[in-house]
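Student: pasting the structure only:
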């Protein structure tokens, strides 16, 4: 029934407003949604835990070396912090359906989103991967997950970038949020990068534009030219956004 409501919104005739529909992001959507939106709010959902148990071969990995990306698993006591977007225009839902469902292996659900501050909770669309999809990797020791992430790279960039930018987003925009799984994985990834003497700047790719805060989440006329909802626009040559690896490899001097 929940998927039906989401699909009905996606199937509205062209030109029909989807104003009022919110999408909750807990992975790369937090720092690079890639679609137009009117507002964004940080907050949380209940009954879930964020885990890097979903495989990815279209954005952050390949068939031979799948990357690991975030999904949510049911946890009665769990709380997952992230970012909700009030979508804008008729292209957002088809874009998300292709990015998350067709290529990513995720299913849609509806959940209650609890914004920070004194705002009332509201319903939001949630994308969740389950063990039934073909990309599912499941649980593994954190050290094994970290090594797999350090070794994985796909059309949208390195798997390291996916995890570290999410961790950076959480620290900068939701500093009081707890996520032992995410931050433990981040520490291990940084450790293995140093052990392998890899260049972190190369793995992370070019910087992304600063995110709008909750206090100025309304769309404004002074947003960067070419931005989508205040974020860098998707780059030509890639479905989601092209590899952030620069055209010329950067060299790190391990002094």
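Tutor: Noted; the coordinates are in hand. Predicted model only: the values in this text are computed from it and were never measured.
Student: contacts, neighbours, all on C-alpha from now
Tutor: Will do.
Student: Considering only helices and strands, which part of this protein has the lowest mean pLDDT?
Tutor: Within the chain, judged by mean pLDDT, DSSP states H and E, the helix or strand with the poorest mean is helix 2-10; its value is a mean of 43.
Student: doesn't residue 97 fall inside a strand?
Tutor: No - secondary structure of residue 97, determined by DSSP: H, G, I helix; E, B strand; the rest coil: helix, with no strand assignment.
Student: Model confidence for it, exactly?
Tutor: In the predicted model, residue 97 carries a pLDDT score of 93.
Student: For it, the count of nearby residues, please.
Tutor: Residue 97 has 19 neighbours, counted by other CA atoms under 10 Å.
Student: returning to what we had before: ok, then the element right after the least confident helix or strand of the chain?
Tutor: Counting by DSSP states H and E, the element after helix 2-10 in chain order, helix or strand, is strand 22-25.
Student: Who are the packing partners of that next one?
Tutor: When contacts are defined as 3 or more CA pairs under 8 Å, 6 or more residues apart in numbering; DSSP states H and E, strand 22-25 packs onto strand 67-87, strand 122-128.
Student: Mind putting those into TSV with mean neighbour count?
Tutor: Compiled in TSV, these are given as follows (neighbours: other CA atoms under 10 Å):
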stretch	mean neighbour count
strand 67-87	20
strand 122-128	19
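Student: With distance to residue 187 as new columns, can the ones you listed be given to me in a markdown table?
Tutor: Converted to a markdown table, those look like this (distance: least, CA to CA, whole Å):
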| stretch | distance to residue 187 |
| --- | --- |
| strand 67-87 | 16 |
| strand 122-128 | 25 |
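Student: To residue 175, which of those lies closest?
Tutor: Taking CA to CA as the criterion, residue 175 comes closest to strand 67-87 out of the helices and strands packed on strand 22-25, the separation being 10.4 Å.
Student: and the closest one, which strands flank it?
Tutor: strand 22-25 (antiparallel), strand 37-56 (antiparallel) (DSSP bridges).
Student: Now render the ones you listed as CSV, adding mean neighbour count, mean pLDDT and distance to residue 91.
Tutor: As requested, those are exported to CSV (neighbours: other CA atoms under 10 Å; pLDDT from 0 to 100; distance: least, CA to CA, whole Å):
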stretch, mean neighbour count, mean pLDDT, distance to residue 91
strand 22-25, 24, 97, 14
strand 37-56, 22, 97, 11
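Student: Pipe those strands into a markdown table and attach distance to residue 118 per row.
Tutor: As requested, the strands paired with strand 67-87 are exported to a markdown table (distance: least, CA to CA, whole Å):
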| stretch | distance to residue 118 |
| --- | --- |
| strand 22-25 | 18 |
| strand 37-56 | 11 |
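Student: out of the ones you listed, which comes closest to residue 76?
Tutor: Ranking the strands paired with strand 67-87 by their distance to residue 76 (criterion: CA to CA) puts strand 37-56 first, at 4.6 Å.
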